[in-house]
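Asks: the following comprises the amino acid sequence and a computationally predicted model.
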Amino acid sequence: MFAIPVINDLALVVAAIVAAGVGGELFLKGVVGVADALRVPKLLVATTLGACATSTPELIVSTTAALAGEPAIGLGDALGSNVINIALVLGLALLSGPIRVARRELGRDFTVALAVPLLTFMLVLDGTLSRADGGLLLGIFCVWLAVSFYSGFRAQGLADHGSCNYRLSTVVLLASGGLIALVLAARLFVAGATGIATAMGVDTYVIGAMVVAVGTSLPELVTVVVSRKRGHDDVGIGTLLGSNLFNGLAIVGIAATIQPMPVPVAEISVALVIGVVVLLMMMPDRIGLLGRIRGVELLLVYLIFVLATLAASGYSGP
């Protein structure tokens with residue numbers, strides 16, 4: 001027999017899945033519609049606006065945790081989400097079939113995403129993330145965002161007078177409604193899963209990196225799955241890559257700026273190293289495909305991440 005609190009937590013998780021399904025459909029229509037209305041590439045909108053939007057749960061969790069004096073939860077959430085976004089989310093998506101990805105489209109964003117974990121590791125070598133460290137990460141994020149928009153609009157231009165089937169106000173409303181449902185799903189999942197993990201005696205960083213991070217990655221998971229079903233693979237890939245940049249730069253930066261934090265270097269190192277590994281595994285083969293085998297490999301890496309994080313934290317079971 002399950003205890004009543006555990007049953008309640010499981011009910012929250014089920015409700016989260018339902019809300020995520022509804023929100024994912026609306027959010028994808030909104031992202032694709034915004035790209036069409038502005039006449040810019042869907043990949044640009046997904047990597048910037050879409051990714052920032054789907055990372056809203058991480059932002060809420062990290063900011064709230066930092067203000068409450070528990071920045072380790074937010075740090076674990078952001079870094080854990082970066083591993084989960086690719087190892088778990090992309091891994092699951094690839095099981096349903098290969099995804100075509102043009103290497104040139106990853107370009108600058110992929111290079112920056114690889115550099116961020118290395119920079120973060122250098123910043124935490126002294127055992128802390130200071131406000132200056134947070135300010136540096138936020139500054140890099142602002143530069144990346146500005147360059148992305150400038151490059152995207154310059155390449156595509158707004159002078160294209162082709163037909164547009166969407167009103168901007170309509171697609172923004174769709175995207176907003178979808179995002180609200182996705183954020184609600186994330187909050188429900190985090191509440192339910194955290195209750196279960198706490199009952200098992202898991203420490204705060206591990207809860208952030210493995211439990212909260214899975215919940216706050218629900219928007220990315222749903223976006224990728226729905227994008228695959230609707231034939232918009234570029235939206236899914238762009239959202240994952242942009243979300244990793246938003247998490248690693250903006251969210252960690254904001255958390256450190258609000259509350260400088262001592263950093264468990266051994267535990268952080270696991271997330272940073274595996275984060276780099278899964279990013280490298282995101283590169284397609286010579287014909288531009290990510291196949292099912294790569295999906296299985298990513299899921300195995302995710303399992304390694306879970307076991308390594310538990311080992312580094314000294315967790316020995318309930």
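Replies: Cool, got the structure. Numbering: from 1, shown residues only.

Asks: contacts and neighbour counts: CA atoms only from here.
Replies: Will do.

Asks: how about the strands in the stretch 1-150 of the chain?
Replies: Assigned by DSSP state E, counting those that start in this stretch, the strands in the stretch 1-150 of the chain fall at 99-100, 128-129.

Asks: would you list the ones you listed in CSV and tack on mean pLDDT and mean neighbour count?
Replies: Shown next, in CSV, are these (pLDDT from 0 to 100; neighbours: other C-alpha atoms under 10 Å):
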stretch, mean pLDDT, mean neighbour count
strand 99-100, 82, 19
strand 128-129, 88, 20
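
Asks: so which of the ones you listed is nearest Ile274?
Replies: Checking the strands of the stretch 1-150 of the chain against Ile274 by C-alpha to C-alpha gives strand 128-129 as the closest, at 20.0 Å.

Asks: correct me, but Val214 touches Asn82?
Replies: No - using C-alpha atoms under 8 Å, Val214 is not in contact with Asn82; the gap is 10.1 Å.

Asks: so between those two, which is more surrounded?
Replies: Asn82 (32 against 25; other C-alpha atoms under 10 Å).

Asks: now for the nearest residue to that one once chain neighbours are set aside, how many residues are close by?
Replies: Ranked by C-alpha to C-alpha, 6 or more residues apart in numbering and with sequence neighbours excluded, the top spatial neighbour of Asn82 is Asn244, at 5.1 Å. Neighbour count for Asn244, taken as other C-alpha under 10 Å: 32.

Asks: repeat that for the one 5 residues further on.
Replies: Around Leu249 there are 26 other residues, counting by other C-alpha under 10 Å.

Asks: which SSE is immediately downstream of the host helix or strand of the residue nearest to Asn82?
Replies: Following DSSP states H and E, one finds Asn244 within helix 233-245. Using DSSP H and E, the helix or strand that follows helix 233-245 towards the C-terminus is helix 252-258.

Asks: what's that following helix packed up against?
Replies: Here helix 252-258 touches helix 56-67, helix 71-83, helix 131-156, going by 3 or more C-alpha pairs under 8 Å, 6 or more residues apart in numbering; DSSP states H and E.

Asks: what does the shortest one contact?
Replies: Among residues not part of helix 56-67, those counted as contacts by C-alpha atoms under 8 Å, 6 or more residues apart in numbering are 71-75, 77-78, 183, 186-187, 213, 216-217, 247, 251-252, 254-256, 258-259.

Asks: what angle separates it from helix 71-83?
Replies: Here the directions of helix 56-67 and helix 71-83 differ by 160 degrees (axes from the mean of the first three to the mean of the last three C-alpha atoms, to 10 degrees).

Asks: just the longest one next, same as before
Replies: Using the same axes, to 10 degrees, the direction of helix 131-156 lies 30 degrees away from that of helix 71-83.

Asks: got the angle between helix 131-156 and helix 233-245?
Replies: Interaxial angle of helix 131-156 relative to helix 233-245 (the same axes, to 10 degrees): 160 degrees.

Asks: equivalent analysis for the first one, please.
Replies: Using the same axes, to 10 degrees, one finds that helix 56-67 and helix 233-245 are set 10 degrees apart in direction.

Asks: mind saving the C-alpha coords of helix 56-67 as CSV?
Replies: Output of helix 56-67 as CSV, limited to C-alpha atoms (Å, rounded to 0.1, in the frame of the first residue of the first chain):
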residue,chain,number,x,y,z
THR,A,56,10.9,29.7,-17.9
PRO,A,57,10.4,26.8,-15.3
GLU,A,58,14.1,26.7,-14.7
LEU,A,59,14.2,30.4,-14.3
ILE,A,60,11.4,30.4,-11.8
VAL,A,61,12.9,27.5,-9.8
SER,A,62,16.4,29.0,-9.8
THR,A,63,15.3,32.5,-8.8
THR,A,64,12.9,31.3,-6.1
ALA,A,65,15.6,28.9,-4.7
ALA,A,66,18.2,31.7,-4.7
LEU,A,67,15.9,34.1,-2.9
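
Asks: report the rounded mean pLDDT for it.
Replies: If you average the pLDDT over helix 56-67, you get 72.
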